[in-house]
Every structure is written in C-alpha cells, then in structure tokens.
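[1] Prediction below, plus the sequence it came from.
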Amino acid sequence: MKKSVYSLVLMDDVVEAIDRLAYERNTNRSNLINQILAENVNYITPEMRMKDIFTQLEGILSESCYQILDRSSDSMFALRSPIRYKYRPMINYTIELFREPKEIVGRLKVSFRTSSRNFTDAVENFFTRWIDMENRYLSELHPDGVTSDFDNAKYVRGFLKISDDNELSENEIAIAIGEYIKVLDKCIKFYFEHLSDEELVEKMIHASYEDYLKSGVNIV
C-alpha cells in the first residue's frame, strides 16, 4: 500500500502528546497519526486489520492454558504454553502478519528455550513428522509443499496469501490461525507425554490433524 510524504502544521503540544501515545503503543509518530486520521474517515488500515485479528485471536486462545504475552508491535502476537517434561520447558508461539502480503499473509514461529540435547532431538523428531504429514494432507492446497521449515529448535510455518478468490474476514483469519495453533499445541504435548510409545503418538497426531481438517475451519 503506497505511502507518500506530506507536510502538516501542528501545535507543539499536540506533537508531544502524539509522541507519548506512540511510545506507549510501541509505534512511531507517522504511523499513529495515520491510524488516527484513518479512524476519523472510516478507513481501515492494514495495522487496524491486524489489530482486529489479534484481538479476536486473543479471545479464541485465552480460554485455553496459554499465557498471552505483551504485544511488541502491531504486526506481532506472542503466547506461550508449558510442556509436561523435565524442567517444564515452554513452547513459545509468535504470529507475525505482513502489512503487504505477497506470497504469504504471515507466519507462525514456534521456539523452545532449552539447553537439553535430548529435548532438542525430540523436538526435531516431532517437527520432521509434522512437516511430512502436512505435506501429504495438504498436497492440493500446497502443491509445491507447505511453506515451513525447522532449524535450530525453531519451527516456522507460513500462511497462504488470502487472495480475491478466497478473501477471509478478520474473524475467519483469527479462527483459522487459532485452531491451527490449538491442534499443533495439543499434538506437541501428547508427543512429549508419550515419548516411549511411537505407535500411539503416530495414531493420535494423525487422528487429531484429520479432525482439525474435518472441522470446517479455513485451512491456511
């Protein structure tokens, strides 16, 4: 979305107030003024749309055992969830939406804070299976493979760009992302609770993912 430079004559006190508010909202002066003006002319900016998606996503996930973290920017949303494992490591989920989507509308980053080699190996084993499973189940939606990768105990999953042919509302996008996080989180936790039973884990992960696909939620 194109931006241009304009000259505005403003009172110094107004600018100071704008700067304080921009600091509180983790944004800058130009972006805040742009949002204020957009609100007053009923224009929805990309930042306003992302904020709406994250607000609804927070409502979807707040009912579960997730800890919602402070938002660091308009385009980022973070939360975490504990795993029943030695030292009770945390799963960190970060959702990033792009202001001007091109190939993908955003991405999910899943990371773990741990120095345990055994834990890191187990995480890698899980996501190797997960990526392979998604590529098989979503071959029609992602003919070139799901936009995902796992490296250095971090999983990154891209979300397909929403085009004019499959335009989704803010609520539909929030639900789609929220339900994906829920099924992923459920499978990760089950995996670590049953590490010694690979057959059981394999059946449960596939069954949970199939239920997710059949639930009617938009798949991104």
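    Ah, there it is.

[2] Helices of this protein, start to end?
    Counting by DSSP state H, the chain has these helices, from start to end: 12-24, 29-40, 46-61, 117-137, 170-193, 198-214.

[3] and the angle from the fourth one to helix 198-214?
    The directions of helix 117-137 and helix 198-214 differ by 50 degrees, with axes from the mean of the first three to the mean of the last three C-alpha atoms, to 10 degrees as the criterion.

[4] Flag every buried residue along helix 117-137.
    Across helix 117-137, burial judged by 16 or more other C-beta atoms under 10 Å covers 119, 122, 123, 126, 127, 129, 130, 131, 133, 134, 137. Using the backbone N, CA and C atoms, a C-beta is placed for each residue, glycine as well.

[5] Mind putting the residues you listed into TSV with pLDDT?
    Below are those laid out as TSV (pLDDT from 0 to 100):
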residue	pLDDT
119	88
122	92
123	93
126	95
127	96
129	94
130	96
131	96
133	96
134	95
137	94
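
[6] In TSV: the residues you listed, plus distance to residue 206.
    What follows is those, written out as TSV (distance: C-beta to C-beta, whole Å):
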residue	distance to residue 206
119	23
122	19
123	19
126	13
127	15
129	10
130	11
131	14
133	7
134	11
137	9
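
[7] For residue 150, state which of those is nearest.
    Nearest to residue 150 among the buried residues of helix 117-137 is residue 127, at 4.2 Å by C-beta to C-beta.

[8] from memory that closest one sits against residue 150, does it?
    Yes: here residue 127 lies in contact with residue 150, judged by C-beta atoms under 8 Å, at a distance of 4.2 Å.

[9] From residue 143, how far off is residue 87?
    Noted for residue 87: a distance of 41 Å to residue 143, by C-beta to C-beta, to the nearest Å.

[10] Also residue 104?
    On the measure of C-beta to C-beta, residue 104 and residue 143 end up 15 Å apart.

[11] Between these two, which is the more surrounded one?
    Shown here are residue 104 and residue 143; by other C-beta atoms under 10 Å, residue 104 has more neighbours (16 against 7).

[12] Is that one in contact with residue 159, as I believe?
    Yes: using C-beta under 8 Å, residue 104 makes contact with residue 159 at a distance of 5.6 Å.
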